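Participant: I would like the atomic coordinates for the input below:
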Amino acid sequence: MDSNHIVCHAIEAGLRCAAPLMVGGLLLTYGPPPSADVASHREALPLTSHGASTLTRLRPQELALSSVRPANVKRIPPGLTAPYYTTIQLGPKDQQSRFTVLIDAPKDKPSRIYVDANGNGDFLDDPKPEWAHKTYDGRASKDLLLSVGGATLQVKYGAEILPLHVTLSRYDTSDPAREPAFLPVYCTADYAREGNITLSGKSYHAWLIDALTRGDFRGSGVPGQSGVFLLIDVNGNGKIDPRGETYDAYEPFNIGGTTYEIHDINTAGSNFTIAKSSREVAEILPPPDLGIGKAAPHFQAAATDGSTVRFPQDYHSKLVLLYFWATWCGDCNREVPYVAKAYKEYHPRGLEILGVSLDHADQAELLKSYTRDHEMDWREIYDGKVWNAAIAQLYYVSQTPTPILIDGDKGTVVASGSDLLGDRLAQTIEKQLSHR
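Facilitator: Next comes the predicted model:
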């Protein structure tokens, strides 16, 4: 893949709430924003203390280390040779719980970690935190160690104490590519509120995420910068996509043609209201599920030869390689000979290729000469919009080349990714054609 041309699509929409909706045992309301004449019923959304950090990319807190022992630390483990300290603060702004993290980091030895998970200043009465080491590539002459782990912290919310798990990590201090020489610990929220929400009669699995690891689900309150997100599995594929399924909790969002908002999130994230918004925003669909056996999105577009492409209807009884590429893409230039060779060999047996060029505007002649010179004797779609090309947007293409092999009869994906690169392209096509 051409790493210089990878586009990361991260679209954050948002929320507020009101008319009846169910969120896991939580009955919400939707309609206009809550007011004196609009009742809202609020119940607890269950806490998931582990696993939220795998749902989407979160920005970790950077915790600076110090050799100075904090005044609140009463007892530390024996046998430490190079202790360093830092603090995690979680919970309501007016009642933050403080948890000291201790790292014993002697030179040329793997570090050890200790966490005062109950916040009482005693490291000898806490569960052992997770902490493991794995090597990673760097510019150093020796193996570098990335240390990763986590701990479950007992965070106070008034009279209630909630177990919130955080992940912890630290890069090798001898890595010459990283500054400063003594690196911080990185801390990321691994907890969330999780359940089902019902929007316009349809149930979705959802998570309320504290992306900034503050332990306060009210966030900053600033739309677009709140640090709190509602993640909704809109397409039901069991994962969260950054486009169309990640919503800032202080901005309106549209699902199924209706715009909603979230109101009145409480500190622990257990209570909030979803309302039909008086504002309207455009719906942003999540990426299509292009897994094996899944349906490829249909489209109609003009090809560079003047014909109209109706996909996949035009490819009845064919095996179709839908190929997203560009003349400026170095990896594409290396892959084109494999693609052209496969077309020559397998076209008589039922292989078709449909190219989708992500070239820049006013490069039609360049594209024409390139395809001629490289014996790319198949139809091409080109609109000059690069990453915003209509078909690339439909398929959520973020890197080149992106090859997808599709059964023209069923319109379903039969192969994708590395199985369609280099020498494996011909092997995959041969296998698929032999089964037809």
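
Participant: so where is the stretch 151-300 of the chain shaky, pLDDT-wise?
Facilitator: Counting by pLDDT under 70, the stretch 151-300 of the chain contains low-confidence ranges at 177-182.

Participant: And the strands in it?
Facilitator: 160-170, 185-189, 192-199, 202-210, 228-232, 246-248, 253-255, 258-263, 273-276, 299-302 (DSSP state E, counting those that start in this stretch).

Participant: okay if I get those as a markdown table plus mean neighbour count?
Facilitator: (C-beta placed from N, C-alpha, C; glycine too.) Conversion of these to a markdown table gives the following (neighbours: other CB atoms under 10 Å):
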| stretch | mean neighbour count |
| --- | --- |
| strand 160-170 | 20 |
| strand 185-189 | 21 |
| strand 192-199 | 21 |
| strand 202-210 | 20 |
| strand 228-232 | 25 |
| strand 246-248 | 25 |
| strand 253-255 | 22 |
| strand 258-263 | 22 |
| strand 273-276 | 25 |
| strand 299-302 | 14 |
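
Participant: Gln96 versus the nearest residue to Pro129 once chain neighbours are set aside, what's the distance?
Facilitator: In space, and not counting its chain neighbours, Pro129 is closest to Ala151: 4.0 Å by CB to CB, 6 or more residues apart in numbering. Relative to Gln96, Ala151 is positioned 17 Å away (CB to CB, to the nearest Å).

Participant: correct me, but Thr48 touches Ile209?
Facilitator: No - at 10.2 Å, Thr48 does not count as touching Ile209 under the criterion of CB atoms under 8 Å.

Participant: Any chance you could list residues touching both of these two?
Facilitator: Taking CB atoms under 8 Å, 6 or more residues apart in numbering as the criterion, Thr48 and Ile209 both touch Ala192.

Participant: okay, the strands of the stretch 151-300 of the chain in JSON lines with distance to Pro92 next?
Facilitator: Output for the strands of the stretch 151-300 of the chain, formatted as JSON lines (distance: least, CB to CB, whole Å):
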{"stretch": "strand 160-170", "distance to Pro92": "11"}
{"stretch": "strand 185-189", "distance to Pro92": "15"}
{"stretch": "strand 192-199", "distance to Pro92": "15"}
{"stretch": "strand 202-210", "distance to Pro92": "12"}
{"stretch": "strand 228-232", "distance to Pro92": "14"}
{"stretch": "strand 246-248", "distance to Pro92": "21"}
{"stretch": "strand 253-255", "distance to Pro92": "26"}
{"stretch": "strand 258-263", "distance to Pro92": "19"}
{"stretch": "strand 273-276", "distance to Pro92": "20"}
{"stretch": "strand 299-302", "distance to Pro92": "50"}
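
Participant: quick revisit: neighbour count winner among Ala151 and Gln96?
Facilitator: Between Ala151 and Gln96, Ala151 has the larger neighbour count (other CB atoms under 10 Å), namely 25 against 15.

Participant: ok, that one - contacts?
Facilitator: 99, 101, 115, 117, 127, 129-130, 165-166, 168.

Participant: hmm, 7 Å instead?
Facilitator: Counting by CB atoms under 7 Å, 6 or more residues apart in numbering, Ala151 makes contact with 115, 117, 129, 166, 168.

Participant: repeat for Pro286
Facilitator: By CB under 7 Å, 6+ apart, the neighbours of Pro286 are 234-235, 241, 243-245.

Participant: Out of the residues you listed, which is nearest to Arg214?
Facilitator: Glu245 (22.4 Å; CB to CB).

Participant: Mind checking which of the contacts of Pro286 are buried?
Facilitator: 234-235, 241, 243-245 (16 or more other CB atoms under 10 Å).

Participant: Any chance of a markdown table for the residues you listed, columns distance to Ala82?
Facilitator: Listed next are the buried ones among the contacts of Pro286 as a markdown table, based on distance: CB to CB, whole Å:
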| residue | distance to Ala82 |
| --- | --- |
| Val234 | 49 |
| Asn235 | 49 |
| Asp241 | 43 |
| Arg243 | 45 |
| Gly244 | 47 |
| Glu245 | 44 |
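
Participant: if I read this right, Tyr171 contacts Pro184, doesn't it?
Facilitator: No - Tyr171 is beyond contact range of Pro184, at 9.1 Å (criterion: CB atoms under 7 Å).

Participant: So for Asp137, which of the strands of the stretch 151-300 of the chain sits nearest?
Facilitator: strand 160-170 (16.1 Å).

Participant: which residues are in contact with that closest one?
Facilitator: Taking CB under 7 Å, 6+ apart as the rule, strand 160-170 contacts 47, 49-50, 53, 88, 90, 111, 113, 146-155, 183, 185-191, 213, 215, 268.

Participant: in its sheet, what does it sit against?
Facilitator: Using DSSP bridges, the strands paired with strand 160-170 are strand 144-157 (antiparallel), strand 185-189 (antiparallel).

Participant: chain center to it: distance?
Facilitator: With CA atoms, centre = their mean, to the nearest Å as the basis, strand 160-170 stands 21 Å off its chain's centre.

Participant: tally of neighbours for Ser317?
Facilitator: 10.

Participant: Report the separation between the closest residue to Thr48 other than its chain neighbours and Glu261.
Facilitator: Counting by CB to CB, 6+ apart, Thr48 lies nearest to Glu194, which is 4.2 Å off, once chain neighbours are set aside. Going from Glu194 to Glu261 by CB to CB gives 20 Å.

Participant: what does Ala211 give?
Facilitator: Separation of Ala211 from Glu261 (CB to CB) stands at 19 Å.

Participant: chain center to stretch 123-133, what's the gap?
Facilitator: When distances are taken as CA atoms, centre = their mean, stretch 123-133 is centred 29 Å away from the chain's centroid.

Participant: Please name the bridge partners of Ala275.
Facilitator: Here Ala275, judged by DSSP bridges, has bridge partners Glu261.
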